[in-house]
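Asks: pasted the sequence and its predicted model underneath.
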Amino acid sequence: MIGYVTVGTNQYDKAAAFYDTLLAELGGKRMMEDDNFIAWSAGNGGAGLGIIKPNDGGKATAGNGTMLALACNSTALVDKLYAKALELGGTCEGAAGPRGESGFYAGYFRDLDGNKLNAFFMPGMAD
C-alpha cells in the first residue's frame with residue numbers, strides 16, 4: 001500500500017551517505033535522485049525511502065510521533081541494522097529487542113537529522 005516515504009534533511013550529503021550505507025544492509029540501492037531528492041528501493045516491489053530538502057526552503061524538522069519502520073527478515077538483521085545506524089552517527093531511541101508478547105522485535109533510532117526510524121521483525125511477515 002505504501003509507495004514511498006520521505007524524510008527531510010538539512011545535511012543532504014551526510015544524509016545520503018548515512019542512508020546509502022544503512023539501506024544497503026536491506027538490499028537498498030538508489031533508484032532516483034536529483035539535487036534535492038534521493039530515493040532508495042530494494043527492488044522487490046516494496047515501499048521506497050527518500051530524503052528531501054524541504055520544497056519551501058525552510059528548515060527540515062523531525063515530526064513528533066512520526067516514524068519510519070524498516071522491515072527485516074530476522075532478529076539478527078534488526079540487530080545488525082540498529083547497530084549500523086548507531087555506528088553511522090544515529091542515536092538510540094530504544095535498544096533492539098522483543099516488544100510485547102506477539103514476537104515483535106525492534107530497535108529504534110534517529111538519523112542525523114533527528115528523524116525517528118525502527119528496524120523490526122515480526123514472525124510470519126517474511127514467509
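Replies: Good, I have the coordinates.
Asks: show me where this protein has its strands.
Replies: Along the chain, counting by DSSP state E, strands occupy 4-8, 29-33, 37-41, 48-52, 67-71, 91-98, 105-110, 116-121.
Asks: which residue sits farthest out from the middle of the chain?
Replies: Relative to the C-alpha centroid of the chain, counting by Cα atoms, centre = their mean, residue 101 is the outermost residue, at 24.4 Å.
Asks: report pLDDT for that residue.
Replies: Looking at residue 101, its pLDDT reads 86.
Asks: need the phi and psi values for it.
Replies: phi -100, psi 0 (degrees, to the nearest 10).
Asks: surely residue 31 touches residue 48?
Replies: Yes: here residue 31 reaches residue 48: they are 6.4 Å apart, a contact under Cβ atoms under 8 Å. For glycine as for every other residue, the C-beta is placed from the backbone atoms N, C-alpha and C.
Asks: identify the contacts common to those two.
Replies: 39, 40, 41 (Cβ atoms under 8 Å, 6 or more residues apart in numbering).
Asks: tell me the bridge partners for residue 38.
Replies: Note on residue 38: beta-bridge partners residue 33, residue 51, judged by DSSP bridges.
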